Structure formats: structure tokens, C-alpha cells
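Undergrad: when you get a sec, could you give me coordinates for this:
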Amino acid sequence: MSTSRRASGSTVPFTPRPARKASGSKYSLTDQEFTKVAGTLASVRKVRPDAIVEELDVSGDAATLLRQKRKSVYLRYTEREQAEGSVNGYATHTVSAAEPSRPSSSRSIPSDPSSSRHAGPSSSSHHRSSSSQGYLPRNGKAAERIREREIEVDVRIENRVIEEYEEEEEVAPEVAERLLDGVPLEVQEAWICEDLMFVLQGVEGQLIRYHECYDPLDEVQRLKGAEWRVDLSLDPSLLSLVERLLPLASAFTSVEASMELRGNPEYGMVSHALCSGIRQMLKEYRVVTAQLESLFLQSSTFTLQTLYFHLHPTLHTMTLLSALCQSLETDSIPMDNSDATDEDDDGLGGMAAELGLGGAGLKGLMKNLNAQEGLDGGGLVLGGEVLGIVSDRDATMSGDPTASTLHSNLLLHASQPYTRMLLRWITTGHLSDPFDEFMVKESGHITKGVLESDYTDEYWERRYTLRDGSSITSAKVGSTKTPTLSAAAPPPRPGSNRLPGGACIPAFLQPWKHKILLAGKYLNVIRECGIEVKKPEEAEEADIVVVNEAKFYKRIEDAYIHANKTLLKLMIDEQELTPHLRSMKHWFFLDQSDFLTNFLDLAGPELRKPAKSASLVKLQSLLDLAVRNPSSSSSNDPYKDDLKVTLQSQGLYEWLLKIVSRTGNVNDDGELEFVMDEQEDTAKRGEKERTLLAIDALAFDYSVKFPLSLVISRKTITRYQLIFRFLLHLHYLESALSAMWLEHKAPQWRSDSGNEDLEKWKRRIFLLRDRMLAFVRQILAFATGEVLEQNWRILEGKLANVQTVDQLLRDHVDFLDTCLKQCMLTTSKLLGVYAKLMNTMSTFALYQTRFDEALANYARDPDGESDPAKSSQRWTVLQKFEINYNHHTKLHLDAVTYNAGSENVALLALVTRLHQTTLRT
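TA: Residues are numbered from 1 along each chain as shown. I've put the predicted structure just below:
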């Protein structure tokens, strides 16, 4: 073989010439070898082995290969028969060449035993010599008997050939193990080099076969790499080099199987881009092996050491590729394998296809849904997780130049679809992610229509979110602090802390993920407003983006700044956010409350009705009259048409107590429902429910259009309503006590009755009324002057210097939360005492009619009303009010003092205001 090669000084590609046609008698296959050949061809051509066998049967190649094997056994058996015949006294005959129907091989024909025994040595030798010269019988009858005898011998030989062929099949492996015994070392080297040319492409050779435990049709085993078995009779010096090269072939088969698997559509665009990069490397590998094969065929000096020298650098690269592919498939192989073993498990007993429900498509859909819900270990490795694995391996193996170059090149290829999605998101606000590979997730069922009844800012907080569950409130923008995961985040993969799929954000994008999210969210809001977002012309999609360069991060930063400034300008300048907030301050914080005084006067009779009996339409018309009154300061408000009247289903303090002490949710009507303890629920049912008056249920509402509804959302309007109802109650109570003061200026209250006990009783009423009025005015002055107005000025300063839309949203909500806290509406202990105190004063104001009746009764019958029993009855009622008011005011002062020293420093001003009022006797 070596003499037929031509020397070549360089490794160049060549066009293979067809080899000489070998003799058919030289090759043969056993059944086991034939099965392995068929399996190898099936794995290479990606078809079933049955199709290969059928093709060989149709072409006749299979029959030729197996028949040639039987023929070789037949010839060996004939030779043995001839030897046995000679020993036992049988003569052999050579059939004449003139008979075309007979084979060219000789047959052993036994002669008559009796003649053999009577014949001497001379006759015996003569018979053998004549046989060697092509003996022909002299008469036709003898020839006919010879032919009949030959036919009997042929049948007997054929039967024994079949038996011995089956025996040879059983011992074939043992015979094959010693295939190279006696073969020169040069021939072994040439033979093993020729085998390696096939093995390096994943195909079996003659001396290097698949291991018995390896099945090339098993997907799991193919992904792990082929296992090889080398002929044991190979020279040990050659075997050592072969064993060093076989890991290259195993790694190649592993990478090729992974590329075949990850080329499926469900693995997403990132995996396809990664496969494209790996296939380029495999193409270079195939070019190298083709050049080595050309050198092997042309050079007489080509040796196994030469092959190892050229392939040794490739071995490390291919091993790295195989390790990368196996790390990508480690988590998805069990899932795919379980699907393969339970092929008919579609939830309908395998009847989905027959029922027209999709069959495999239905199973694929259910698998994707289970993967999203974390029910199958996280699903396929795709998208950001692929980039995360490649980048992590690049960082881990940064000390290896080969590994660093390899992973950097693959990361560049794999990241292109991901970066195109990212750049499109941050420059246009459009999210196109059909395979759930990107870090941002869209909840399509949440639209801007939910803003009218959204009490939780669901549109802004949940329309677009990060798949890893982190929120902007849990980590500052641009911070590298590990975010807290919410319940929406999928569980990590078993055995690792890596999130699956798109939820895994690559390490090089972790510090930028919030800016990426916000840039797209801002532009999406602009698009929802009907404003066209123009794509910047600085870069085209065809350009290759390097993700680890500072230029890429600068593009993210610039896109974030551009989107943020655009939306801020839209909200503050074009949509007039600040004037809207000033209007809400005017309506809800009652900084100019002359319209409210007119409204309470006009709607007084309607507001004293139960809330269920009051007419909302009438209240709205009366509010419009009060607001549009030319003498009112509110008539010049440009947004007065956005103000509406509503009636809440619960009292203010009952609702606040449930908010601060219970959990609840939003019902279908958009109202908050709360979970109550069973004991409290039973106790409440046992108590007689107090009728909710319209004045206690009255609230204002405010409507704005998108995108201002992001800032003035239902969540913030609810806070405005709580503060408004708090101030409204104080204003109404002040008005009632002031009306009581006017009643006390009437002659029957100011004139001396001549009864010292009655005069003392009237003075005690005056004193209690003044104390209550002073308390209400102190609370009202503190809330409006030292809480709302001061915090509003701070908010205006922040609005003038706001930099981001999210900062604007946070500042607005923080402003309202601070106002609620400093108005004592967020602490259950303060709320409980304050509610009882307000209830006492409201009841006292309503009791004015009873006081007037008692005084009128005395004026009609002074002697009868001077009776000690009547006098005691009047004093009993008054003392109850005094005791309750004194008790609750002291408790309230203690609670405010404690809260001011521990939690809310702003209440110190209120403590000073209330000290003299509360301690007044």
C-alpha cells in the first residue's frame, strides 16, 4: 500500500480518484457485521436501519455480501472434505471444464469402498495421478453415477456449510480480535490511518468500531459522544496514538449531534446563531481532515505520528466545543427523554390526534406551558441562558487563550439575535420575542384600558417586566446589587442557581437590565399615545454588535436617556402634568375651599340622607353649580370638568383601619375587599350596623387621559380620596360646631334664666363646644398648613428637577404616602383613638337639637324642669360627652406624643398645638 503513494510536500485539497475495483472474493461480512454497517449508514444518513437494509436488498448488495461469506466457508469445507476423503480412502475427481453447469472448484467424490480396499498401492497412486490430470470415465453409465454421487455430496456439504456458518457467526468476534496477527507494522499503520479518516468523521472503520454499549441511534448517547473499540491485535505502539485521537472523534460526534438537535425551531434564534458559529468551526475541521486524507493518499512518508501532530491542536478546541454543547443540553436531555418514553401521553390517552386536537402540536404547546410555569425543570436551554452559559465559561476559562478566543467568537455569533431584539426594544419600544428568549416579558392581556379601574398600577408595573422577577424598587437603576425575586420569577434549574431561558440575564447585561426595561417602557408609552417613534440612524441591523465593548453600553445609555427625556417632555410640557397636579391639590386638599362651603350648603339635606338613598346625579349637579359659581375661585380652574362626585361603600375610618390592619384585594367592581377574622366578623354581625350617611361616604374623583393616567392613576387617586375625606370630615365637623355656636348666640341661650343649675349646665356646654372646635381647627390647621402645603412645595421642587419618569412616579407616590402618614392615617393605634374622638364630637354636634328642646321645655315649665330628676337627666347626658371627650383626647395626645418620638417626627408640631387644648378643663 505504501509503494502506491506519491510523495507530496504540502497539504493541499485534492479530488479523490476512484480506487481499483477489489475482487469480490476478498471481502465478506457476517450477520453481526452487516447489522453494524447498516446502523452506521443509518446514523450518517439520518434514516432508520430498516431503510438501509431494504435498499441493500433491492440492489442485491446484501445478498452478495452474505453469499460471499457462505461461499468462503463452503470452499474451506470442501478442502477439508478432500483431506478427509484422502485419509479415509476416498478419491477426488476434478470436473471437466467442458461442463459449464459445474463450478470451477474441485469436489471430493468417494469411490467404491470395496475396490479401494482390494486395490494396491499402485492402483491407488494411479487413481490419484489420473485424478490430477482431469480423469474422465469411459462409459456414460459411470459418468451418470458419478454425477448422482456428486449431487448427494453437494447436498450434504451445503447442509454442513450452513451449520458451520452459524457456528462461525457465534465465534466471529473472537476471530476478528486477532485480525492483524502476522500483518506487518507498516501495513497496520496504513490500515489504521485509513480507518481514522472515517472515524474522525463519526463513521466506523474496519479496525475501529463502535463500542458494544454505544447505540448510534440513541439521542442521549450521541449527545454524550460516540464510544469506540479498537482491534486488540493492533500493535501497542500504534494503539497508544489511536487512543489519543479517539477523544477527538467522540467530541466531534457529540458536537454534531448537539447541532442537529439545537437546529430545531423550538430552540430559538440565539441557539441557531450559536449553531451557525459552531458549524463554521466544524467546516474548518472537515477541511483539515480532507487535507490530511489527501496527504495520506499522496505522500509515502505520511505516518500516524504525522496525523496526530496535525490534529493535536484541534483536539483541545473540539473538546471545548463538546463540553459547551453538553453543558447546554444537560438540563434539557431528561425532559426530552421523558417525552420520548411517554410518546402517547397527551392528556387524552393518546387520542388527541384522532380527536383533531393537534397530537404532537398539542404536546409541544403543553410542554412550553409547563416550562413557563416551572413544572418540568425549566424547559429548554435557550435565549439569555445560552448567552449566560457561554459568557460564564468565557470568564471561568479566561486563563486559557484557546478557550477565551473560542468562547468570545461563539458569544459574538450567538449574541447577534439577542442584541437585535435588545436594540429594537430600546430604540422603538417594540418587543418581538417569539421564543421567550429576551429578558423583558410582555403581558399582552394588560392594556391601558385597565387604568380606569387599576388600584395597583398593574399597567405600569406588570405590562412589561423582567423575567427574573426583579423590580426597579428592589434595586436602583444601574446598581449591581442582587435583586429580590418576586413570585413571578421561574424557579432556578435543579442543581444550579441559574434561571431558565430568557429569565437568565447574562452577566454582562446585569447592571443594565433596569435601564433596558425602562427605555422600552418609555417608548412603548409614547407609541400608545399614537406618536411615531423614529428609529435612530446611527446603526443598522446588519452591523455586527460586540456586546462586551464600551460602545455597546453607550448605546444603551443613550437610548435610555433619549426615551426618558422624550416621555418626560411629553408628560410635563405637552400633557401639562404640573397644572393637573395643582388642580388636584385645589380639589382634594381644599387649599381654596370656598367652593366646598357652597357645595355643603346646597347639598346639606341630601348629604344628611343615608348613602344608599342619596342621589348621585343630584349631588353632581350641585357640585357643578358650586364649582362654576363666578364668585368662586374654582370657576377659573381649566380642569373643573374632570371633577366627579362618588359615594364610597364604607366609612373613612373603618376603611383605613381595615387597610392598615388587614389584607385584602380588589373585587370585580373595583372596590377593595378585606379579609376579617372570624371572631371580628361574628361580633360585627351581632352589632347593629350604623347607617352610613352620605356625608361620610362622599368623595371626589378625577379623570385624566393616557399617558397622564400613569402618574395620576387609580392608585394615587385613592390616596387623594383618603386625604380629601379626612379633610372633609374636619371641615364638616367645624361647620357643624360653628353652626352650634350660632345657635348658642340665640336669646334663649344668652338670657339669664334665673336658675343657677341651668346656667351652669349651659356654660359647660359652651365650654365643651369651644374645646371641640379648637381641637378640630388645630388638627385642620396642622394638616393643611404644616403637612400638605409643606410637602407640596417639596414635590414642586422635585418636579422641577426630575430626571426620569420612574423618579417622577416615585416622587408623586412618596408625596402622597408622606401626607397620609403625617396626617395620622397609617397607624392603627392613632386611627382607633382618633375615630372614637371624631365620633364623639359628631354625636355632640347632632345632639344640639336635644339641648334646644331641653332649654325650650324649661322656658315653658320652669318649675317642672327644675325638678332634681329632670336636672339630673340633663347633666347625665352632658357628663357622658365630657367624660368620653376628655378620655379620648388624653389617649389621643399620648398616642400622638409616643408616635412623634418614635416614628413620625412631624407630629411634634401637633403635640405642641394640642397640649393646651387637650389639658384645658
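Undergrad: list the buried ones in stretch 290-305?
TA: For stretch 290-305, the neighbour count (16 or more other CB atoms under 10 Å) marks 290-299, 302-304 as buried. In short, each C-beta sits where N, CA and C put it, glycine included.
Undergrad: low-confidence stretches in the stretch 1-150 of the chain?
TA: Along the stretch 1-150 of the chain, segments meeting pLDDT under 70 span 1-29, 44-46, 58-150.
Undergrad: which stretches of this protein have low pLDDT?
TA: 1-29, 44-46, 58-179, 330-378, 447-460, 472-488, 535-542, 662-690, 918-921.
Undergrad: what about the strands in it?
TA: For the chain, strands defined by DSSP state E occupy the ranges 92-93, 107-108, 208-210, 228-230, 440-442, 464-466, 643-647, 664-666, 672-674, 698-702.
Undergrad: pull out the buried positions in stretch 622-640.
TA: Buried, per 16+ other CB under 10 Å, within stretch 622-640: Leu622, Leu623, Ala626, Val627, Asn629, Ser632, Ser634, Asp637, Tyr639, Lys640.
Undergrad: ok, of these, which one's closest to Thr804?
TA: Ranked by distance to Thr804 (CB to CB), the buried residues of stretch 622-640 are led by Tyr639 at 25.5 Å.
Undergrad: do I have it right that that closest one meets Pro579?
TA: Yes: using CB atoms under 8 Å, Tyr639 is in contact with Pro579, at 7.4 Å.
Undergrad: hang on, the earlier thing: in helices, which of the buried residues of stretch 290-305 fall?
TA: Mapping those onto helices (DSSP state H) picks out Ala290, Gln291, Leu292, Glu293, Ser294, Leu295, Phe296, Leu297, Gln298, Leu304.
Undergrad: of the residues you listed, which pair is most distant in space?
TA: Most distant of these, by CB to CB, are Ala290 and Leu304, 18.0 Å apart.
Undergrad: of the buried residues of stretch 622-640, which belong to helices?
TA: Judged by DSSP H, helices contain the following of the buried residues of stretch 622-640: Leu622, Leu623, Ala626, Val627.
Undergrad: for the first one, which residues are in contact?
TA: For Leu622, the contacting residues are Phe599, Leu602, Ala603, Glu606, by CB atoms under 8 Å, 6 or more residues apart in numbering.
Undergrad: could you work out the most separated pair of those?
TA: Of all pairs drawn from those, the greatest distance, 10.5 Å, lies between Phe599 and Glu606 (CB to CB).
Undergrad: when those two are compared, which one has more neighbours?
TA: Phe599 (24 against 17; other CB atoms under 10 Å).
Undergrad: didn't that one look like it was pressed against Gln620?
TA: No: counting by CB under 8 Å, Gln620 is not a contact partner of Phe599; they are 10.7 Å apart.
Undergrad: what are the boundaries of the helices in the stretch 801-921 of the chain?
TA: Secondary structure of the stretch 801-921 of the chain (DSSP state H, counting those that start in this stretch): helices at 805-822, 828-846, 848-860, 862-865, 868-902, 908-919.
Undergrad: do the stretch 651-800 of the chain as well
TA: 652-661, 678-686, 694-697, 708-711, 714-744, 747-750, 756-781, 789-800.
Undergrad: to Ala550, which of these lies closest?
TA: Closest approach to Ala550 among these is made by helix 789-800 (32.1 Å; CB to CB).
Undergrad: how far is the closest one from where the chain is centred?
TA: Centroid separation for helix 789-800 versus its chain: 40 Å, with CA atoms, centre = their mean, to the nearest Å.
Undergrad: okay, the angle between it and helix 805-822?
TA: On the basis of axes from the mean of the first three to the mean of the last three CA atoms, to 10 degrees, helix 789-800 is oriented at 180 degrees to helix 805-822.
Undergrad: excluding chain neighbours, what is closest to the residue nearest the centre of the chain?
TA: What sits nearest the mean C-alpha location of the chain, by CA atoms, centre = their mean, is Ala503, with 4.2 Å. Distances taken as CB to CB, 6 or more residues apart in numbering put Arg467 closest to Ala503, at 3.9 Å, once the chain neighbours are dropped.
Undergrad: give the contact list for the one you found.
TA: 384, 436, 438-441, 489-490, 499, 501-503, 505.
Undergrad: the same query, at a cut-off of 10 Å, please.
TA: By CB atoms under 10 Å, 6 or more residues apart in numbering, the residues touching Arg467 are 372, 383-384, 433, 436-441, 488-490, 499-505, 513.
Undergrad: ok, it to Arg420 distance?
TA: Distance, Arg467 to Arg420, by CB to CB, to the nearest Å: 18 Å.
Undergrad: same question, Pro491
TA: As judged by CB to CB, Pro491 and Arg420 stand 29 Å apart.
Undergrad: higher neighbour count, those two?
TA: Neighbour count, other CB under 10 Å: between Pro491 and Arg420, Arg420 has more, with 17 against 14.
Undergrad: from memory Leu238 sits against Cys193, does it?
TA: Yes: using CB atoms under 10 Å, Leu238 is in contact with Cys193, at 9.2 Å.
Undergrad: what sits in contact with each of those two?
TA: Each of Thr303, Leu304 lies in contact with both Leu238 and Cys193 under the rule CB under 10 Å, 6+ apart.
Undergrad: picking up where we left off before, I'd assumed Asn497 was in contact with the residue nearest to the centre of the chain.
TA: No: counting by CB under 10 Å, Ala503 sits too far from Asn497 to count as a contact (11.9 Å).
Undergrad: what about the residue lying closest to Glu329 once chain neighbours are set aside, how many residues close to it?
TA: The spatial neighbour of Glu329 that comes closest, neighbours along the chain excluded (CB to CB, 6+ apart), is Leu223 at 5.4 Å. Residues contacting Leu223 under the criterion other CB under 10 Å number 24.
Undergrad: and Leu223, how close does it get to Leu422?
TA: In terms of CB to CB, Leu223 sits 30 Å off from Leu422.
Undergrad: Arg850 now?
TA: Distance from Arg850 to Leu422, by CB to CB: 74 Å.
Undergrad: pick out whichever of the two has more residues nearby.
TA: Legend: neighbour count by other CB under 10 Å for Arg850 and Leu422, higher for Leu422 (25 against 11).
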